[in-house]
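# Provided below for reference: sequence and predicted model.
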Amino acid sequence: MRKQLTLIAASIVVANITVSSNAAEAACSSCTYTYHGENLITIALANELNANSTNFSKIKELETAKQQLNDLRLQLIKNKETIAEITSKITELSFVKRTHADENKHVTIDSKSGEALNVPDEGKASDYSKALNSLKQKLSSITKERESLLADISNKTKLIIEIKADHIKKINEIEKHYSVEQNKLKDIIQKESKISKELLVKNSELKDKNENAASKLMIVESVVNKIKEKFKPDLAQKTDAPTTEVKQDEFNISDELNGISRNISNTLDENKNLEKKLKESAKDLENLEKSSQDSQIIDIKALNTLNEKTRELAKKLQQNLITGEFVEQFYYITGNSSLNKSQEEYAGKIFELASKYKNIEVSIVGRADPRGNRDYNEKLAKSRGINIKELAIANGISEGSISMTSYVSSNKIEANREMHFFDRNSTVTIRRKMH
């Protein structure tokens, strides 16, 4: 019965939710919608739908940011190749220029004609010099562009981390809300069961009292009829002056009738009170059922959202394992060897899903940037890898399936510290074992 009421309530909720959009927006797959409700139930569900729309937008934003980050990395690689090519040309032109300078120092004079032999072409040397300066300017421009690209990559990566952290935070909030609402629902069901039992008892008591009242009324009617039958012959024979005995009998009968009348009146009053309590209990039960339906609808929505996010991650892991490997980067604050809470929960969820596959291997690489003491950085990189390994084991990955390495970046130390953002991370690679 309660499930049927829940389905009816859910149908009413969906029927009462309206969407703010227009005909033009209806044809647009990327348009956003705002949901509105007409009562407490539909307003709560509309808010959940709006929150999910916001989460969807953030996911799209995350995918866009990742794509932009990949484009920037490709551009950076191209720039590195261009820089190498320009550097090679500069070296070549510098060599040619030095060769011409050497030629200028040794000029041979023809003994017969008196003309200079092996005179260098000054115009050609000037062209080499101009080309060399042009390449140096181009190299300077590309170097600046490379620094700009590195800054953009750093910003995009920070944005991705923030979006992931917000995503994890939302999932945690939904799990917490679901747990609280689940406890509320259990309390409501217990109260509902208790009230139902009380109603059954009260209905039974009311039925018994009604039957007793009806029985007493029948007895009264029977007594009255008997009294009438008893005194009918005497009353027919009596004159205007009744005897004392008759008066006493009438007085006794009157007392008995009054007592019975009072009992009937008391019984009717009790019946009214019981009926009132019965109506109040029925109303309480109705309110509890309504509250239970509201909680069930909200809980189902929150649970569906949480399950959907987990399914998306599981699907991504499965697809990557089929086509190749699943790779994820986890970044650290400078000097820290532990992930922040949101990244740790995200990594734990990845390992938990991966543990369902028997034929996998997990590769972990802990890294540290080149700044500071070399020994300290090596210990820091190793500690980062160990922490990720322990997290994997705690979430179901067998230790025999895990390989771990660590190293300190050998990149040149940059003046801008954020240029080393990609050096302080741990990389997790999950792939199927090769047979």
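Structure received.

# what about the residue nearest to residue 324 when sequence neighbours are not counted, neighbour count?
Spatial nearest neighbour of residue 324, chain neighbours left out: residue 431 (7.1 Å); criterion: C-beta to C-beta, 6 or more residues apart in numbering. Heads up, the C-betas are built off the backbone N, CA and C, glycines and all. Burial measure for residue 431: 16 neighbouring residues, criterion other C-beta atoms under 10 Å.

# if I read this right, residue 431 contacts residue 361, doesn't it?
Yes - counting by C-beta atoms under 8 Å, residue 431 sits close enough to residue 361 to count as a contact (6.1 Å).

# which stretches of the stretch 301-435 of the chain form strands?
325-331, 360-368, 402-408, 425-432 (DSSP state E, counting those that start in this stretch).

# Make JSON lines from those and add mean pLDDT and distance to residue 279 to it.
Rendered in JSON lines, the data for those read as follows (pLDDT from 0 to 100; distance: least, C-beta to C-beta, whole Å):
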{"stretch": "strand 325-331", "mean pLDDT": "91", "distance to residue 279": "61"}
{"stretch": "strand 360-368", "mean pLDDT": "93", "distance to residue 279": "63"}
{"stretch": "strand 402-408", "mean pLDDT": "90", "distance to residue 279": "66"}
{"stretch": "strand 425-432", "mean pLDDT": "92", "distance to residue 279": "63"}
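
# Residue 346 is nearest to which of the ones you listed?
Minimum separation from residue 346 across the strands of the stretch 301-435 of the chain (C-beta to C-beta) falls at strand 325-331, 8.3 Å.

# ok and that closest one relative to strand 360-368, angle-wise?
When axes from the mean of the first three to the mean of the last three C-alpha atoms, to 10 degrees is applied, the directions of strand 325-331 and strand 360-368 differ by 30 degrees.

# Low-confidence ranges, the stretch 301-435 of the chain, go.
301-306, 409-423, 435 (pLDDT under 70).

# leaving aside the residues next to it on the chain, what's closest to residue 384?
Take residue 384 and drop its neighbours on the chain: the residue closest to it by C-beta to C-beta, 6+ apart is residue 366, 3.7 Å away.

# In this structure that neighbour contacts residue 377, no?
No - under the criterion of C-beta under 8 Å, residue 366 lies out of contact with residue 377, with a separation of 10.8 Å.

# Please say which of those two ends up with more neighbours.
Comparing residue 366 with residue 377 by other C-beta under 10 Å, the one with more neighbours is residue 366, at 27 against 21.

# In contact with residue 308: list those residues for me.
Counting by C-beta atoms under 8 Å, 6 or more residues apart in numbering, residue 308 touches no other residue.

# Residue 199 now?
For residue 199, the contact set (C-beta under 8 Å, 6+ apart) comprises 278, 281-282, 285.

# As JSON lines, those residues with neighbour count, distance to residue 145 and secondary structure would be great.
Output for the contacts of residue 199, formatted as JSON lines (neighbours: other C-beta atoms under 10 Å; distance: C-beta to C-beta, whole Å; DSSP: H, G, I helix; E, B strand; the rest coil):
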{"residue": "278", "neighbour count": "16", "distance to residue 145": "82", "secondary structure": "helix"}
{"residue": "281", "neighbour count": "16", "distance to residue 145": "77", "secondary structure": "helix"}
{"residue": "282", "neighbour count": "12", "distance to residue 145": "77", "secondary structure": "helix"}
{"residue": "285", "neighbour count": "16", "distance to residue 145": "72", "secondary structure": "helix"}
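
# Going by distance to residue 407, which of these wins?
Of all these, residue 407 sits closest to residue 285, with 67.7 Å by C-beta to C-beta.

# Pull up the gap between the closest one and residue 127, please.
Remark: distance between residue 285 and residue 127 (C-beta to C-beta, to the nearest Å) = 98 Å.

# Give the rounded mean pLDDT of whichever helix or strand residue 188 is part of.
Mapping residue 188 onto the secondary structure by DSSP states H and E places it in helix 122-237. Computed over helix 122-237, the mean pLDDT rounds to 75.

# what angle separates that helix from strand 325-331?
Helix 122-237 runs at 90 degrees relative to strand 325-331, counting by the same axes, to 10 degrees.

# tilt between helix 122-237 and strand 425-432?
70 degrees.

# export stretch 337-353 as PDB, just CAs?
Once side chains and other backbone atoms are set aside, the C-alpha atoms of stretch 337-353 remain, and they are given as PDB (Å, rounded to 0.1, in the frame of the first residue of the first chain):
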ATOM      1  CA  SER A 337      53.500  13.700   0.600                       C
ATOM      2  CA  SER A 338      49.700  13.100   1.300                       C
ATOM      3  CA  LEU A 339      46.800  13.900  -1.000                       C
ATOM      4  CA  ASN A 340      44.100  16.300   0.100                       C
ATOM      5  CA  LYS A 341      40.800  14.700   1.300                       C
ATOM      6  CA  SER A 342      38.900  15.100  -2.000                       C
ATOM      7  CA  GLN A 343      41.700  13.600  -4.100                       C
ATOM      8  CA  GLU A 344      42.200  10.700  -1.600                       C
ATOM      9  CA  GLU A 345      38.500   9.800  -1.800                       C
ATOM     10  CA  TYR A 346      38.600  10.000  -5.600                       C
ATOM     11  CA  ALA A 347      41.700   7.800  -5.800                       C
ATOM     12  CA  GLY A 348      40.100   5.300  -3.300                       C
ATOM     13  CA  LYS A 349      37.000   5.100  -5.600                       C
ATOM     14  CA  ILE A 350      39.200   4.400  -8.600                       C
ATOM     15  CA  PHE A 351      41.000   1.600  -6.800                       C
ATOM     16  CA  GLU A 352      37.800   0.100  -5.400                       C
ATOM     17  CA  LEU A 353      36.300  -0.100  -8.900                       C
END
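
# Buried residues in that stretch, which are they?
Counting neighbours by 16 or more other C-beta atoms under 10 Å, one finds that the buried residues in stretch 337-353 are 337, 339-340, 342-353.

# Stretch 76-85 too?
Across stretch 76-85, burial judged by 16+ other C-beta under 10 Å covers 76, 79, 83.

# what's the spacing between the residue lying closest to the last one once chain neighbours are set aside and residue 219?
Using C-beta to C-beta, 6+ apart and skipping the chain neighbours, the partner closest in space to residue 83 is residue 142 (5.7 Å). When distances are taken as C-beta to C-beta, residue 142 and residue 219 turn out to be 113 Å apart.

# And the nearest residue to residue 160 once chain neighbours are set aside, which helix or strand is it part of?
The spatially closest residue to residue 160, leaving aside those adjacent along the chain, is residue 65, at 5.3 Å (C-beta to C-beta, 6+ apart). For residue 65, the element it lies in under DSSP H and E is helix 40-105.
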